[in-house]
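Enquirer: Provide a 3D model corresponding to the input given below.
(chains A and B)
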Amino acid sequence: MPTEIDEPIDVGVIFSCGKIKPIWFARSSRQIRIQKVTFHWKTRQGKEDLIHFSVTDGHNLYEIRFHTETMIWRLAHTE
Amino acid sequence: MMRTIMHIDMNAFFASVEQRANPALQGKPMAVIGSKHRGVVLSPSYDARAFGVRTGMTYGEAKKACPHIVLVPADSSKYAHACQELISIWKDFTPLVELFSIDEAFLDVTGCDELFGDPVQIAIQIKERIWDETGLLCSIGIGPNKLLAKLGSDLQKPDGLVFISPEDVEAVLENLPVKKICGIGPNLTSHLRAIGIRTCGELRRTPLKQLTTTFGLIGERLHDISLGLDDDPVRSEEEQEAEDSKSMGHSMTLDEDCSSRSLIERHILQLSEKVGRRLRRGAYSGRTIALTLRYSDFHTFTRQKKLNAAVNHGLDIYAGAAALFQEIQLQQPIRLVGVSVSGLEQNGVQMPLFEKDRKRTWITEAMDEINDEYGECTVTWGTLVHRSHHERIISPAWRPGGDRQY
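Expert: This next block holds a predicted model:
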C-alpha cells in the first residue's frame, strides 16, 4: 500500500519537446536515480495544474508531483 | 451509404491503468476498489477474473474468491488522463467520437477507408497505437450500427476484434441470449423470459404486435434489436455536451450505511453545494430539484419537486432537497445520496431586489472566486467542515473538457 509522504524535494529534469522527464530526485540528502517514468497525469488544485509522475528506481515506486504555479516539486507517496 | 461504426471497449481499464502506473502489479490478481472504507470492486484485472473476482463484488467477496488479491483504491484523475490520451488517438482517425463512458467509445469511421484502409485495417491500426502509446489493451467491435458494434466488442475479450457484416447478423443473433444486448437489463430480460423469449432468434420470431401489446413503445425497439437494426447516430462532442447540460447532479456512496437524519442532511448540503458550483460555473440555473436515496439493500428511489423560480445557489438547492427528505420515512439505513437539478436554463436567475439577497449573492461570488483560485471548499459552510472526504469515483457523466471534475 502507498505511504503518504508529501514533502518538498529537489528534482533533476529534462525539458524536451514540451515534455518533462524527471531524471533524479533528492530525499534526505540521498539522490535517487529514476529508472523509469511508469505513468504521468494531471490534476487541478484551484487554478494550479499539478503534474503527477509515477516513477521507479528499479526497487521502489514513488509518486512525485510538480506544482506548475509555484514551480515546486513534492514527493507525494512511496510504495 | 452503409455506415461503419466501431465500438472500442478498453479491457479492465482502471486495473490496467494501475498496472501500468505500478509495474509490480502486472501479472498479479488485483482489482481497483471504490474506496478504502467500502470496497466494492470496480475493475478486476484479468488475473483476478481467473479466480472468479467480478465487478460489483464486495471487498470480502473478492478476498474470499482470491485471498492473495491486491486491492487498490480508485484514483479517478489517472483514469481521466488515460482517457484523454485515448480520445486523442481516436480523433486521429475520425472526428466523430462519442464517449459512451470513460472506458468505451463509439467511432463513426464511415468513408475513412481511403485514408486508412478497410474497417478491419483501421481497427488494427487503432489497437496498435493504443498499445504502443498507452500500454493498454482493448476489444473492438465493427458493424453497420452502434448496436452491432457494441455487441461485437463484447463477443471477444480481452484484446478482441470482431467484424459483424449485415450478412452475418442473423447467424450472430440467432442463439444470443437477449440479456447480452446493450439496453436489455435484468428486468426486461425477466419479462421476456416470462413470455418464453430467451434468445434474439426467439425475439425475432415473435410477432411485432405481440411485442407492442406487451411492452408498448419498447416493443418496436425490441423488434428492431432482433433484426440488428439501429439508426442511432454517433454523437459529436458538441452534441453530447448539449445533451449532458439538460441536468446536473452529484451523488455519493457513503463510507458506511447511515440512519442519522442530521448526517444525511449534511451530505445533502455538501452535494447541493457541489451542484450549485457547477451550475454557476456554466451560468445555469434550474427549477426542478431531485433527491435520490439508496437503501442498504440497493433499493433506490428518487423524489423531485418543481420550484417557482430557477435557482443555482447551494442553499436554495439544499432547501428543496431537504424539504423532499423531510417527507421521507426511512425504512432502512442509507447507502447512497444524490442531488440533481434539471429544467436548466442559462442566465435564468432573477437579479436580487432586496439587500439581504444581494449580500448573499456577493458572498457567493466571493466564495466562488476564492474556491476557483485555491481549490474546492477552501471556503465553505461551517456545517461542512466535517464533510465526507471519501475517495471520488469517476462519474459515468464525466467528459474531457466538461464542467464536471471527475
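Enquirer: Only the buried residues of stretch B:66-74, if you could.
Expert: Neighbour-count burial for stretch B:66-74, counted by 16 or more other Cβ atoms under 10 Å in any protein chain shown, picks out B:66, B:69, B:70, B:71, B:72, B:73, B:74. (C-beta placed from N, C-alpha, C; glycine too.)
Enquirer: pull the longest strand from chain A.
Expert: strand A:3-16 (DSSP state E).
Enquirer: Mind checking if it is in reach of chain B?
Expert: No. Strand A:3-16 lies apart from chain B when judged by Cβ under 8 Å from any Cβ of the partner chain; the minimum separation is 12.2 Å.
Enquirer: could you give the angle of the helix or strand that that strand is followed by to strand A:3-16?
Expert: Remark: after strand A:3-16, the chain's next helix or strand is strand A:19-27, criterion DSSP states H and E. Angle between the axes of strand A:19-27 and strand A:3-16 is 130 degrees (criterion: axes from the mean of the first three to the mean of the last three Cα atoms, to 10 degrees).
Enquirer: From the contact counts, what lies against the longest strand of chain A?
Expert: strand A:19-27, strand A:61-67, strand A:72-78 (3 or more Cβ pairs under 8 Å, 6 or more residues apart in numbering or on different chains; DSSP states H and E).
Enquirer: One more pass at 10 Å, please.
Expert: Using 3 or more Cβ pairs under 10 Å, 6 or more residues apart in numbering or on different chains; DSSP states H and E, the elements in contact with strand A:3-16 are strand A:19-27, strand A:30-33, strand A:48-56, strand A:61-67, strand A:72-78.
Enquirer: Direction-wise, compare the third one with strand A:72-78 and give the angle.
Expert: It refers to strand A:48-56. 50 degrees.
Enquirer: Parallel or antiparallel, list what pairs with strand A:48-56.
Expert: strand A:36-45 (antiparallel), strand A:61-67 (antiparallel) (DSSP bridges).
Enquirer: for the shortest one, same thing?
Expert: With DSSP bridges as the test, strand A:30-33 is paired with strand A:19-27 (antiparallel).
Enquirer: And the residue nearest to the spatial centre of chain A, what's its pLDDT?
Expert: With distances taken as Cα atoms, centre = their mean, the residue of chain A nearest its centroid is residue A:64 (2.2 Å). The model reports residue A:64 with a pLDDT of 97.
Enquirer: Which ones among the buried residues of stretch B:66-74 also lie next to chain A?
Expert: Subset of the buried residues of stretch B:66-74 in contact with chain A: B:70, B:71, B:72, B:73, counting by Cβ under 10 Å from any Cβ of the partner chain.
Enquirer: Widest-spaced pair of these?
Expert: Farthest pair in these (Cβ to Cβ) is B:70 and B:73. Separation: 11.3 Å.
Enquirer: which residues do the two both contact?
Expert: A:1, B:18 (Cβ atoms under 10 Å, 6 or more residues apart in numbering or on different chains).
Enquirer: Surely residue B:340 and residue B:268 touch.
Expert: No. Using Cβ atoms under 10 Å as the test, residue B:340 is too far from residue B:268 to be in contact (11.7 Å).
Enquirer: tell me, what's touching these two both at once?
Expert: Contact criterion Cβ under 10 Å, 6+ apart; residues bridging residue B:340 and residue B:268 by contacting each: B:291, B:317, B:321.
Enquirer: in chain B, what secondary structure element scores lowest on mean pLDDT?
Expert: Lowest on mean pLDDT, DSSP states H and E among the helices and strands of chain B sits helix B:237-244, with a mean of 78.
Enquirer: Whatever helix or strand comes next after that helix: partners in the sheet, and parallel or antiparallel?
Expert: Next helix or strand after helix B:237-244 toward the C-terminus (DSSP H and E): strand B:247-258. The strands beside strand B:247-258 in its sheet (DSSP bridges) come out as strand B:334-346 (antiparallel).
Enquirer: Pull out the buried residues from the strand it pairs with.
Expert: Residues B:334, B:335, B:336, B:337, B:338, B:339, B:340, B:341, B:343, B:344 are the ones in strand B:334-346 that count as buried (16+ other Cβ under 10 Å).
Enquirer: hey, C-alpha coordinates of the helix or strand following it in PDB?
Expert: The C-terminal neighbour of strand B:334-346 among helices and strands, as given by DSSP H and E, is helix B:355-374. Extracted in PDB, the C-alpha atoms of helix B:355-374 (Å, rounded to 0.1, in the frame of the first residue of the first chain):
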ATOM      1  CA  GLU B 355     -30.400  44.000   0.400                       C
ATOM      2  CA  LYS B 356     -30.300  40.600   2.200                       C
ATOM      3  CA  ASP B 357     -30.400  38.700  -1.100                       C
ATOM      4  CA  ARG B 358     -27.900  41.000  -2.700                       C
ATOM      5  CA  LYS B 359     -25.500  40.300   0.100                       C
ATOM      6  CA  ARG B 360     -25.900  36.600  -0.200                       C
ATOM      7  CA  THR B 361     -25.100  36.900  -4.000                       C
ATOM      8  CA  TRP B 362     -22.000  38.900  -3.200                       C
ATOM      9  CA  ILE B 363     -20.800  36.400  -0.600                       C
ATOM     10  CA  THR B 364     -21.400  33.500  -3.000                       C
ATOM     11  CA  GLU B 365     -19.400  35.300  -5.700                       C
ATOM     12  CA  ALA B 366     -16.600  35.900  -3.300                       C
ATOM     13  CA  MET B 367     -16.600  32.300  -2.200                       C
ATOM     14  CA  ASP B 368     -16.600  31.100  -5.800                       C
ATOM     15  CA  GLU B 369     -13.600  33.300  -6.600                       C
ATOM     16  CA  ILE B 370     -11.600  32.000  -3.600                       C
ATOM     17  CA  ASN B 371     -12.500  28.400  -4.400                       C
ATOM     18  CA  ASP B 372     -11.700  28.900  -8.100                       C
ATOM     19  CA  GLU B 373      -8.200  30.200  -7.100                       C
ATOM     20  CA  TYR B 374      -7.300  27.800  -4.300                       C
END
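Enquirer: Distance check, the residue of chain B positioned farthest from its centre against residue B:362.
Expert: Distance from the C-alpha centroid of chain B, by Cα atoms, centre = their mean, peaks at residue B:355 (42.0 Å). Distance of residue B:355 to residue B:362, given as Cβ to Cβ, to the nearest Å: 11 Å.
Enquirer: Overlap of the contact sets of those two?
Expert: Joint contacts of residue B:355 and residue B:362 (Cβ under 10 Å, 6+ apart) do not exist.
Enquirer: Mind listing the strands the longest strand of chain A pairs with, and their directions?
Expert: Sheet pairing for strand A:3-16, using DSSP bridges, gives strand A:19-27 (antiparallel), strand A:72-78 (antiparallel).
Enquirer: Serialize those to JSON lines and add fields for mean pLDDT and mean neighbour count.
Expert: Listed next are those as JSON lines, based on pLDDT from 0 to 100; neighbours: other Cβ atoms under 10 Å in any protein chain shown:
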{"stretch": "strand A:19-27", "mean pLDDT": "94", "mean neighbour count": "15"}
{"stretch": "strand A:72-78", "mean pLDDT": "94", "mean neighbour count": "17"}
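Enquirer: which element is residue B:153 on?
Expert: Using DSSP H and E, residue B:153 sits in helix B:146-155.
Enquirer: No further queries at this time; thank you.
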